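[1] structure, please.
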Amino acid sequence: MAHAAPTFPFFVSTEERALSSEEQEVLAVLIDREAFELASSARPLRVVGRCGCGQCPTVFFQPPRVGENEREVCSYSGKDASGGIVGVLLWEKGGCPSQLEFYSVDGHDPWSLPLPSTLERF
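    Take a look at the predicted model:
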């Protein structure tokens, strides 16, 4: 009996693009405060995927692959433009950022990226 290849329902491949200015600002704060060892690998980052939920602004810089392990680098929260609390996790694998994961902490909807000036360790 053949086994089906594992799927990654949380990852949806997208057309490769540069990070938005908001994504760059959030990433810069996290790297400056928690992950300066990733600074050199963060400069050429390109977004290659998004979260499969289709609702959150989570972005992937590397597609997931079977057998590769990601490591959570840091967890922060901040307020978005509406004042709602948004969590952000920076993940890495192989010494390079792999994703910026965002989620609504307080359940408000709609929500967006946290303002960089409001980010605090979570």
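[2] now the element after the element among helices and strands of the chain having the smallest mean pLDDT, going C-ward?
    For the chain, the helix or strand with the lowest mean confidence is helix 39-42, at a mean of 82 (criterion: mean pLDDT, DSSP states H and E). With elements assigned by DSSP states H and E, the helix or strand that comes after helix 39-42 is strand 47-51.
[3] and that next one, which strands flank it?
    strand 11-17 (antiparallel), strand 59-60 (antiparallel) (DSSP bridges).
[4] show me the one of those strands that comes nearest Pro44.
    strand 11-17 (11.7 Å; CB to CB). To be clear about C-beta, it is placed using only N, CA and C from the backbone, and glycine gets the same treatment.
[5] for the closest one, what is the average pLDDT?
    Strand 11-17 shows a mean pLDDT of 94.
[6] if we can go back for a sec, show me which residues of the least confident helix or strand of the chain are buried.
    The neighbour-count check on helix 39-42 (16 or more other CB atoms under 10 Å) flags Ser41, Ala42 as buried.
[7] which strands and helices sit next to that helix?
    Packed against helix 39-42, as judged by 3 or more CB pairs under 8 Å, 6 or more residues apart in numbering; DSSP states H and E, are the following elements: helix 21-34, strand 96-104.
[8] the first one to strand 96-104, inter-axis angle?
    Spelled out, it's helix 21-34. 110 degrees (axes from the mean of the first three to the mean of the last three CA atoms, to 10 degrees).
[9] neighbouring contacts of helix 21-34?
    Here helix 21-34 makes contact (CB atoms under 8 Å, 6 or more residues apart in numbering) with 19, 38-39, 42, 45, 47, 57, 59, 73-74, 76, 88, 90, 97, 100, 113-114, 116, 119, 121.
[10] what's the spacing between stretch 79-93 and its chain's center?
    Taking CA atoms, centre = their mean, to the nearest Å, one finds stretch 79-93 lying 9 Å from the centre of the chain it belongs to.
[11] before we move on, back to that, can I have the buried ones of the contacts of helix 21-34 as a PyMOL selection?
    To isolate in PyMOL the members of the contacts of helix 21-34 that are buried, counting by 16+ other CB under 10 Å, one can use:
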select buried, resi 19+38+42+45+47+57+59+73+74+76+88+90+97+100+113+114+116+119
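[12] great, nothing more from me.
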